[in-house]
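# fold the following and give me the result.
(one chain, ligands or ions: 1)
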Amino acid sequence: MTEAPLKTISLEAKSPFELRVNLGHGLPDVDKRTALATGEMGFLHSFTTGSTVDGPGVRVVGWTTGCQYRCQYCHNPDTWTLSNGIPVTLEKATQELRKYRYGLNAMLGGFTLSGGEPLMQDRFAVKLFAAAKGMGIHTALDTNGSLGERLSDEEIETIDLVLLDIKAWDPERHKQLTGMDVAPVLDFARRLAERRRPVWLRYVLVPGLTDDAEEISRIARFAAKLKNFQRVDVLPFHQMGRFKWKALKIHYALDSVEPMNQQGVDRALSLFREEGLKAY
Ligand code: SF4
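Presented below is the predicted three-dimensional model:
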């Protein structure tokens with residue numbers, strides 16, 4: 001495969017809100033296909049350090065590019081396209097992680113792979129998780145859940161924690177919000193429960209879009225019943241990603257939606273807690 005930093009930019013970013021485009025543009029298609037098939041190369045928006053919101057403790061987060069969803073509220077639409085990411089060999093990504101291994105363990109943290117949708121690059125994700133585990137680093141996968149069938153049961157065991165987005169309960173609403181079906185997400189959640197894998201539910205709360213009480217309660221009941229959902233993170237909608245939609249010239253339907261207020265967040269938290277879930 002071609003070693004291809006086609007544009008030079010640091011893999012490390014201050015935050016995933018840095019706009020990054022076309023960093024893998026020009027890499028031959030054959031190399032992209034080989035990368036996806038073997039997992040020997042991945043496409044990353046960036047690595048960020050010091051996160052305390054993407055799993056337990058302090059985390060290094062690898063932000064992958066490529067996502068098949070088109071969430072109306074997406075904060076990082078520059079991660080939708082695989083070739084917007086930096087082509088990074090598995091070896092280089094592993095080296096990056098190695099730098100942090102002692103610090104991460106000392107801070108009871110670990111490595112989270114987020115995106116984008118990391119399982120769009122499932123072979124790279126699996127190999128990077130295996131490398132992290134080999135260094136004794138706690139691993140977390142932040143996923144929309146729809147490609148869970150790409151992971152074998154053994155591969156699931158290398159992931160210490162799944163941060164699972166359930167974006168809506170009603171199939172029509174889910175489709176309208178993301179462009180994709182909800183059924184595979186719920187199937188993956190059930191499979192994780194059968195295998196007793198720890199899950200944190202992530203729920204993005206958008207005024208007028210995902211704050212319907214019945215909808216939240218249905219998701220809460222589903223999660224509570226599965227018994228492996230250790231906590232729920234309610235993520236209030238904000239407009240920090242709006243500039244990216246504008247820069248990428250994509251129509252942004254939520255332009256005039258206000259950030260979620262505390263009252264709405266408290267209401268959602270109590271709906272999750274009513275089902276016995278720990279919600280924050
Ligand atoms: S799944 Fe995540 S990255 Fe993909 S469109 Fe939705 S919010 Fe954006």
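# tell me which parts of the stretch 1-150 of the chain are close to the ligand?
Proximity of the stretch 1-150 of the chain to the ligand, by C-beta under 6 Å from any ligand atom, involves residues 67, 69-71, 74, 76, 79, 115-117, 144. (Each C-beta comes from the backbone N, C-alpha and C, glycine too.)
# will you turn those residues into JSON lines that also has secondary structure?
Below are those laid out as JSON lines (DSSP: H, G, I helix; E, B strand; the rest coil):
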{"residue": "67", "secondary structure": "coil"}
{"residue": "69", "secondary structure": "coil"}
{"residue": "70", "secondary structure": "coil"}
{"residue": "71", "secondary structure": "coil"}
{"residue": "74", "secondary structure": "coil"}
{"residue": "76", "secondary structure": "coil"}
{"residue": "79", "secondary structure": "helix"}
{"residue": "115", "secondary structure": "coil"}
{"residue": "116", "secondary structure": "coil"}
{"residue": "117", "secondary structure": "coil"}
{"residue": "144", "secondary structure": "coil"}
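# which helices and strands sit right next to the strand or helix carrying residue 162?
For residue 162, the enclosing helix or strand under DSSP states H and E is strand 161-165. Other helices and strands packing on strand 161-165, by 3 or more C-beta pairs under 8 Å, 6 or more residues apart in numbering; DSSP states H and E, are strand 138-143, helix 183-194, strand 199-205.
# please repeat the previous calculation with a cut-off of 6 Å.
Strand 161-165 sits against strand 138-143, strand 199-205, with contacts defined as 3 or more C-beta pairs under 6 Å, 6 or more residues apart in numbering; DSSP states H and E.
# adjacent strands (with direction) for it?
Strand pairing for strand 161-165, determined by DSSP bridges: strand 138-143 (parallel), strand 199-205 (parallel).
# relative to helix 183-194, how tilted is it?
Relative orientation of strand 161-165 versus helix 183-194 (axes from the mean of the first three to the mean of the last three C-alpha atoms, to 10 degrees): 150 degrees.
# helix or strand right after strand 161-165?
helix 171-178.
# show me which residues of that following helix are buried.
Using 16 or more other C-beta atoms under 10 Å as the test for burial, helix 171-178 gives 173-174, 177-178.
# ok, those residues vs the ligand, which is closest?
Nearest to the ligand among the buried residues of helix 171-178 is residue 178, at 6.0 Å by C-beta to the nearest ligand atom.
# I'd say that closest one and residue 74 touch.
No - taking contacts as C-beta atoms under 6 Å, residue 178 lies outside contact range of residue 74: 9.0 Å.
# before we move on, back to that, now do the strand holding residue 162: distance to the chain's middle.
8 Å (C-alpha atoms, centre = their mean, to the nearest Å).
# and it, average pLDDT?
In this model, strand 161-165 carries a mean pLDDT of 98.
# if I look at residue 167, how far off is the ligand?
7 Å (C-beta to the nearest ligand atom, to the nearest Å).
# how many neighbouring residues does that residue have?
Using other C-beta atoms under 10 Å, the number of residues around residue 167 comes to 24.
# how much space between it and residue 27?
31 Å (C-beta to C-beta, to the nearest Å).
# repeat that for residue 228.
Computed as C-beta to C-beta, the residue 228 to residue 27 distance reads 39 Å.
# so these two - more neighbours on which side?
residue 27 (20 against 16).
# could you list the low-confidence segments of this protein?
Residue ranges of the chain with pLDDT under 70: 1-8.
# again, only using 90
1-32 (pLDDT under 90).
# the longest helix seen in it to strand 138-143, inter-axis angle?
Among the segments of the chain that qualify as a helix by DSSP state H, the longest is helix 90-106. Orientation note: helix 90-106 sits at an angle of 120 degrees relative to strand 138-143 (the same axes, to 10 degrees).
# count of neighbours near residue 156?
Using other C-beta under 10 Å, residue 156 is surrounded by 18 other residues.
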